[in-house]
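Asker: pasting the sequence and the predicted model now:
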Amino acid sequence: QGKKDSVTLALTLEPPGLDPTAGAASSIAEVTLYNIYETLTKINPDGSVSPLLAESWEVSPDLKTYTFRLRKGLSFHNGEPFNAAAVKFSFDRAGGDKSTNKDKRLFASLTTQVVDDYTVVLLNKDIEPDLLFLLGQATAIIVEPKSADTNAAKPVGTGPYQLTAWSRGASITLTAWPQWRQAAAIKIRRASFRFIPDSAAQVAALLAGDVDAFARVTPRSMAQFKDNPRFQVVVSGSRAKTILAINNARKPLDDVRVRRAIAAAIDRKAVIQGAADGLGVPIGSHYVPGAFGYVDTTGINPYDPEKAKRLLAEAGVKLPLTLTMTLPPAPYARQGGEVIAAQLAKVGIVSKLQNVEWAQWLSGTYGAKNYDLTLISHVEPFDLGNFAKPDYYWGYRSPQFDQLYEKIKHAARPADRARLLGEAQRLLAEDAAHGFLYQPQWVTVAHKNLRGLWKDMPIFVNDLSALSWS
Amino acid sequence: MTWFVLQRLLTLIATLLGASAVVFWVLEVLPGNAAEVLLGPDAAPEAVAALAAQLGLDQPALVRYGQWLAGLLTGRLGDSHAYSAPVLHLIAERLALTIPLALLSMALTCVLALAAGVYAAARHSRLGDWGVMGLAQLGIAIPNFWFAILLILLFSVKLQWFSAGGFPGWTAEAGGGVLPALKALLLPAVALAAVQAAILARITRSAVLDVLREDFVRTARAKGLTRRAALWRHVLRNAMIPVVTVMGLQFANLLAGTIVVENVFYLPGLGRLIFQSIANRDLVVVRNCVMLLAAMVVLVNFVVDLLYAAIDPRVKVGSP
Amino acid sequence: MNTIDTVASSALPTGAGGQFDPAPLLLRVRDLQHHYPLPRTRLLGPRARVAALQGVSFDIRAGRSLGVVGESGSGKSTLARLVMALDTPSGGTVELLGRDLHRLPARELRAARRDFQMVFQDPYGSLDPRQTVERIVTEPLQALDSATGAELRERAAEVLAQVGLRPGDALKYPHEFSGGQRQRIAIARALITRPRLIVADEPVSALDLSVQAQVLNLLADLQEQFGVTYLLISHDLAVVQHLCDEVLVLHQGRIVERGAPEDLFSAPRHPYTQALVASVPRIDAL
Amino acid sequence: MATTTPLLEVRQLAITLQTQRGAVRAVHDVDFTLARGETLGLIGESGCGKSLTALALMGLLPEGAQAAGSIRFDGQELLALSDKALCRLRGNRIGMVFQEPMTALNPVHTIGRQVAEPLRLHQGLTFAQARAEAIALLERVGIDQAAQRFDAYPHQFSGGQRQRITIAMALACGPDLLIADEPTTALDVTLQRQILELIKGLVAERGMALILISHDLGVIAQSVRRTLVMYGGTAVEWGPTRAVFGARAHPYTQGLFAARPQLGTARAAGARLPTIAGTVPELADLPTGCPFAGRCPFTEPACHAALPPAVALDADHEARCIRLKKAP
Amino acid sequence: MSAVPTVTAALPAPGFWRRARHHRSFVIGALLTALLLAAALLSLVWTPWPPYEMAMDATLQPPSTQHWLGTDAYGRDLASLLLVGARASILVGVIAVGIGLALGAALGLLAAARGGWVEEAVMRLADFTFAFPALLLAIMLTAVFGPGIVNAIIAIGIFYIPTFARVTRASAKAVWAREYILAARACGKGPWRITLEHVLPNIASVLIVQATIQFALAILAEAALSYLGLGTQPPQPSWGRMLAESQTLMFQAPLLAVWPGLAIALAVLGLNLLGDGLRDLLDPRMARQR
Ligand SMILES: Nc1ncnc2c1ncn2[C@@H]1O[C@H](COP(=O)(O)OP(=O)(O)OP(=O)(O)O)[C@@H](O)[C@H]1O
Ligand SMILES: Nc1ncnc2c1ncn2[C@@H]1O[C@H](COP(=O)(O)OP(=O)(O)OP(=O)(O)O)[C@@H](O)[C@H]1O
Ligand SMILES: [Mg+2]
Ligand SMILES: [Mg+2]
């Protein structure tokens, strides 16, 4: 009963700081985005974009000029007014020399012009069809110039909530900001986030009633809540792609037949079962159902161990072929790696599993590209462009794809884009650039009376203003 | 006595200095750095480089070691890379949990172990002895994280007497208070204490039995003391001598054991801070925490040595 | 050779002059001193020391036995350890057959050990519980030269027979023997190199009366048979009197009186010896 | 009436021990009586059961040991008393001094506290009273500057001093009976003499009865009026010290006396000591009948039949040997 | 300093086995330990099912005649995994104790034999290592060299060095004070020969007892490290890892946590009881009293 206006959410990881422009941890966004900070646009559960700090916008036909009209009369938590200057400051800062923004490259290619107090124009050097979506992400938050540098500990934004307490390692508490533009509509006055990395502890905390909702709980624990009337289980789609990344630059993986053999040796259904307890949709390329221009490519390299063996023989690979498989610490990787290793073993590929910490994965696998195979989830919504980067850790080089991608970037008409995107997906599938596995689904377990939870999750966010108790 | 204390202090400082060098260089070898971890795989390389420079990671190792030592002496430990908050502040926050937790479980350990050990020794080879020592065997044989989960299962999920974890803090403004905080620490303390108490109980029992065999116990009985009185007045203090040593060592294990228990009960303690910080390559934090732990262990052993002298009058004249 | 005054005379270089006594000089101890350091009590300043021996001189002729008596802490064991070259003295010399033991190089000292062996007080503590009697008894030989296993076995059987143990005992372990038998094993170990000198530090004080008599008889028999020389240390005056030709009374690290045991114990001169003798409980007092 | 009952009357005392090789009788058929003010010596070689007998009197037998027979102290049957009742006697009416002065004192308590303990326990003295009394006691047993050293710890005293302290403890409540179990074995002869003199003096002064245990014939000869010789858990000969030492009726007594090297007799070259054949057998290996059978030079088949009955030789002087019966 | 029993037992004492047969702790401990060894050996030649074979359609099954103990979240046979997992426990125990014993005993013997500053240095080094709690040391080492059973073992083993060094030194010093050492010196034997011929055999029983205890602790340590994700790595099964993985499903399939937990508890119990029994049986004081 006392619960009516407060909620306790749990997250797996604690954000290291509360400034999304200074760190990439998704937990930063999960706590702050749309709660403390706001962006010009807001991404909706279905992936569409709606106005937030910008009331409306216009896009030039060449997709290079964006004109935003800002909401009037807003202010930051510290009382400073929200205006075009703040927007310019925020974007310039994100693209500046000293910027530690993860999306620094994007902002570096933008030029922000202040037209008047409530109108800004963004000029983009490149074409970025998803710019409006990108401007709704945590890296694009609008910050207040004077407080920007201390946001990590004392966040100041325009959002409906303010930070009241942060006991590091344990919890963060947000309370509703009374001066927010629609403060009356806010049902949850006080929300706290707890951080519970241990999966058994996650289950215990939910069962014991310590937390009301757990976003993206370890899928394996879901089963025990599905049949429990005290809880609701929300399974949501995502834009993430879990793949068995293949180092295309290494022998014999540079041979497309070997990569196809690997792809054919993988039974995606079993992988989804093992890695995510069945919570995933198979994908055949680096693109997910529900995204613009998706085509089903799962039939291109179907599960066929016999074919895999044939392909390996064709490629003249001496069996058993020993490959290292580097696994970051996430459960999906560790669990999925075990399953895939068992499947590859059946076609004569011995995978030596190497479990690494994130730090090691980032410096050894991602940075130094020292790996054969690695299991990883790429959560960025639109990242086909990585296949066109020559120095990316995948080592994938394809002039055909580069051309295609160049065209996609400049295709202003949706129909053209959709066609080109489809072509790109098929190309990647045929090239078997990676072992494309599945689109993960996120599981949220919550008290049965909690309303307003996001059904789908194109980005990681916990929109507190939408929550209420029934 | 002063010579004794002085010598112990000197070795203490030397130990800590050596420890600092080992800690620093071990951490130096860790692959990966904080900037990479903080910004993640999708970050622009320029951003990573900018962050590394901002964190001072691009300086030579020797310079950083020197700076760190100087910082240790002046109390300026720097800022955490990950939390971008002062390390001193972070550690102090965590200690507010870990120290009470360690003390609470140490107290539990002592009470349980001494009671059980003395009881078993007094009932040597009888049913009570078998029962208590059987329990102790079990206590030693069960992994403590497993025991912790069992506790949660029973007391939090089934009975809902305690919350399954978390720490409300010591002050009311953070939603906690002294009583809620103690309540939150109780189950973790029990989980931690169970194993240690089992070990200590066995040691107490055998120490008491050893002392019971000593001549002076017979002398005491010959004076007309009852078995119980002889036990309390003459045996216990002598039996404490080996027990105290083990207790000193256990305190160190207990501090380390908090890593596991803090994980199960998701408590924001020092152990988890170290664990996380290693994963995040937040080496500033790791270095200082490990040094702090080492210092505490060394200090506890130092105190044990002094305690020794307090219990056993023979030590004072004794050798270094 | 009854009084302290004789120390001076026997301290003179004997050279070839000792021939008026038929037995040749075996052991010559001169001005032996020893200090033990005490643990530091203060950070700076000198370490305190205990003077365990302060200028002890005596001679033993081959085939004779010298007894050393004195109360606890008078330095008896220290003397034994120095004579056995187990410790380095703070001053003075120990000469066996004309060689200064404490100046010998390590290798030569090891070889010289063949000539002097030791028997200890505790028949339970002086035998390694994990070695067979045969190994224990042949230990001095193992350390000395590379005798073959068969030779060692033969020698062991021989000495065991000499001390009155059965051949079958060679493969047993010490705990299978009684105190008196253990002391026999210890004596066998000392005998195996056919030494000239045996230093016995309280060899019977841990034994029961009836067993003590057996061991004392054995020591006497062996002397008769092999002409061994004894340096016998004991706090029991009666034991010393029974076995020795000459007695030294040690008090606080100094020799206070010496002489033939009958004379010395019937008419002690030094007050300390007098007190010692007077304290011995006697049954004839009844 | 009360004056005629002896202070201590031990009848048919038997002590059984649980060992690895089953239950064995460590002590059996031990009888003696002790009047007030009388002194008795127990003598015998190691392991013959002297200490067990003494501990049985105190009711402090080791775990697993069982005493049977009868021990009457001042008319009271000790074997039937509860531990609580025994506690009221121990240290109060019966005092005991142990062999090892080095370990008989608690190393972590001050000696003053340890000496005062029985006083506070049995006489209910206040701390100050007990302290004054304890200091007087310590002075009486010859500890110099007792008041200053009251708060010193045992390790700060020499062996002889510690033995004096344990004696002070045993004497604190003015017991009727003092049991001294080899009180001087760990000490030098000079110290031994002092301690024995001290005990003798105190016994005379306070009119206590004394049981002195020793394996040293000389000590017994000089200290007690009556002697009991033990072998293999049995009393083999007992009587006035003078009679036992003079007559030496039992072959074991004879053997023991002969094996002892004597001070003062002129040394004959190559003189041999007469020895007792064999070694003391283990408890479980004791022969049936006379325990000395087998080692005794006069063993005959009848010796193995049964424990020889006590034969009275003289007033009060008895021994257990079948040969004595035959003798005129 | 530490409470080390000064055991100088006679092994093989006559009647050791006879006494051992009647010693309850020893018998139970020896049986459980033998069971552990047997399980590991058996797994080398036979398991009910192939231990790595997954069956995604038969996950989390309860015990049945097919799968005696049921299946795990990948449909692997739990009984087979348990058998194979015993190998990891033994491996951890044997190697960690081996490292600790070899280096620790050597250091301890050296300290006892040389005395003086050598002893002081060795003991200070031991103190120094003790200053880092074991688990922390393990975490740091596995962070540097990567998680894995080998590194976990080494980390545990390193921490055992000072433990064994201390125990060894204390009991070796007690042996050095014995008269038979003096006798050996009087025979002209040097410190190294004495150490090998007299000291080592006489402290062997202490070391054996300590080794069984540390063995048990190593199994627990591996479990704790596996729980933190630093111990045995997939796909190799180990009891610690099985236990850690079952935690998530604790409420859904509790048996999954029960089996490895039971296995660990029994193995640790067995080793501890064995150590207790050996301590009693090898202690001559006990031998004489009972
Ligand atoms: N290792 C040592 N360190 C310090 N002092 C020692 C040491 N050994 C002996 N002492 C001291 O040296 C003196 C002589 O000792 P020693 O052992 O030679 O006497 P002892 O005559 O053999 O005595 P006891 O009859 O008790 O064996 C004593 O005061 C003793 O305390
Ligand atoms: N606690 C015990 N457990 C088993 N046997 C014991 C125990 N105490 C004594 N004994 C045995 O009982 C026998 C008699 O022991 P007791 O101590 O009475 O001998 P003692 O005459 O006092 O010998 P000592 O002169 O050595 O003190 C010995 O054989 C001894 O081994
Ligand atoms: Mg001596
Ligand atoms: Mg006795």
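Answerer: Perfect, I can see it now. Ligands and ions are numbered 1, 2, ... in the order given.
Asker: all helices of the stretch 51-200 of chain B, in order?
Answerer: B:61-74, B:87-122, B:127-141, B:144-151, B:178-212 (DSSP state H, counting those that start in this stretch).
Asker: can I get those in JSON lines with mean pLDDT, distance to ligand 2 and mean neighbour count?
Answerer: In this view, the C-beta of every residue, glycine as well, is placed from N, C-alpha and C. JSON lines is the format used below for the helices of the stretch 51-200 of chain B (pLDDT from 0 to 100; distance: least, Cβ to the nearest ligand atom, whole Å; neighbours: other Cβ atoms under 10 Å in any protein chain shown):
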{"stretch": "helix B:61-74", "mean pLDDT": "85", "distance to ligand 2": "58", "mean neighbour count": "13"}
{"stretch": "helix B:87-122", "mean pLDDT": "89", "distance to ligand 2": "17", "mean neighbour count": "20"}
{"stretch": "helix B:127-141", "mean pLDDT": "87", "distance to ligand 2": "19", "mean neighbour count": "18"}
{"stretch": "helix B:144-151", "mean pLDDT": "85", "distance to ligand 2": "40", "mean neighbour count": "23"}
{"stretch": "helix B:178-212", "mean pLDDT": "88", "distance to ligand 2": "12", "mean neighbour count": "22"}
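Asker: out of those helices, which gets nearest to chain E?
Answerer: Closest to chain E of those, according to Cβ to the nearest Cβ: helix B:127-141, at 3.9 Å.
Asker: how about that closest one, does it get close to chain E?
Answerer: Yes - using Cβ under 8 Å from any Cβ of the partner chain, helix B:127-141 reaches chain E at B:Q137, B:L138, B:I140, B:A141.
Asker: what does that helix rub up against?
Answerer: By Cβ atoms under 8 Å, 6 or more residues apart in numbering or on different chains, the list of residues contacting helix B:127-141 from outside reads B:116, B:119-121, B:123, B:194-195, B:197-199, B:201-202, B:205, E:216, E:264-266, E:268-269, E:272-273.
Asker: the nearest residue to A:D97 once chain neighbours are set aside: which element?
Answerer: Excluding the flanking residues, the one nearest A:D97 by Cβ to Cβ, 6 or more residues apart in numbering or on different chains is B:A50, at 7.3 Å. In the assignment (DSSP states H and E), B:A50 maps to helix B:45-55.
Asker: also A:F225?
Answerer: Counting by DSSP H and E, the element that carries A:F225 is helix A:223-226.
Asker: so does the helix or strand immediately after that helix in the chain get close to chain E?
Answerer: As assigned by DSSP H and E, the chain's next helix or strand after helix A:223-226 is strand A:231-236. No - Strand A:231-236 lies out of reach of chain E by Cβ under 8 Å from any Cβ, never closer than 12.4 Å.
Asker: by contact count, what packs against strand A:231-236?
Answerer: Packing contacts for strand A:231-236, counted by 3 or more Cβ pairs under 8 Å, 6 or more residues apart in numbering or on different chains; DSSP states H and E, involve helix A:223-226, strand A:442-447.
Asker: run the chain-centre distance for that strand.
Answerer: Here strand A:231-236 shows a centroid-to-chain-centroid distance of 19 Å under the convention Cα atoms, centre = their mean, to the nearest Å.
Asker: list the neighbouring strands of it plus their orientation.
Answerer: Counting by DSSP bridges, the strands paired with strand A:231-236 are strand A:442-447 (antiparallel).
Asker: pull the longest helix from the chain.
Answerer: Reading this off chain A. The longest helix of chain A (DSSP state H) is helix A:414-431.
Asker: my question was about chain E
Answerer: Counting by DSSP H, the longest helix found in chain E is helix E:78-114.
Asker: which is the next helix or strand following that helix?
Answerer: helix E:116-130.
Asker: can you tell me what sits against the helix or strand just after that following helix?
Answerer: Downstream of helix E:116-130, the next assigned helix or strand under DSSP H and E is helix E:134-145. Contact partners of helix E:134-145, identified using Cβ under 8 Å, 6+ apart, comprise A:357, B:26-27, B:29-30, B:253, B:256-257, B:259-260, B:274-275, B:278, B:290, B:293, E:129, E:132, E:148, E:151-152, E:154-156, E:158-159, E:221, E:224-225, E:228, E:230.
Asker: same check, this time on stretch A:110-127
Answerer: Residues external to stretch A:110-127 that are found in contact with it (Cβ under 8 Å, 6+ apart): A:62-72, A:83-85, A:87-88, A:91-92, A:95, A:109, A:131, A:409-410, A:412.
Asker: can you get me a residue count around D:G59?
Answerer: Look at D:G59: counted by other Cβ atoms under 10 Å in any protein chain shown, it has 21 neighbours.
Asker: and it, how far from chain B?
Answerer: Counting by Cβ to the nearest Cβ, to the nearest Å, the separation of D:G59 from chain B is 9 Å.
Asker: would you map the strands across the stretch 1-150 of chain D?
Answerer: D:8-19, D:22-34, D:39-43, D:66-73, D:76-77, D:94-97 (DSSP state E, counting those that start in this stretch).
Asker: now the angle between strand D:66-73 and the longest one, please.
Answerer: So that's strand D:22-34. Following axes from the mean of the first three to the mean of the last three Cα atoms, to 10 degrees, one obtains 10 degrees for the angle between strand D:22-34 and strand D:66-73.
Asker: so is strand D:22-34 next to ligand 2?
Answerer: Yes - counting by Cβ under 6 Å from any ligand atom, ligand 2 has neighbours in strand D:22-34: D:A26.
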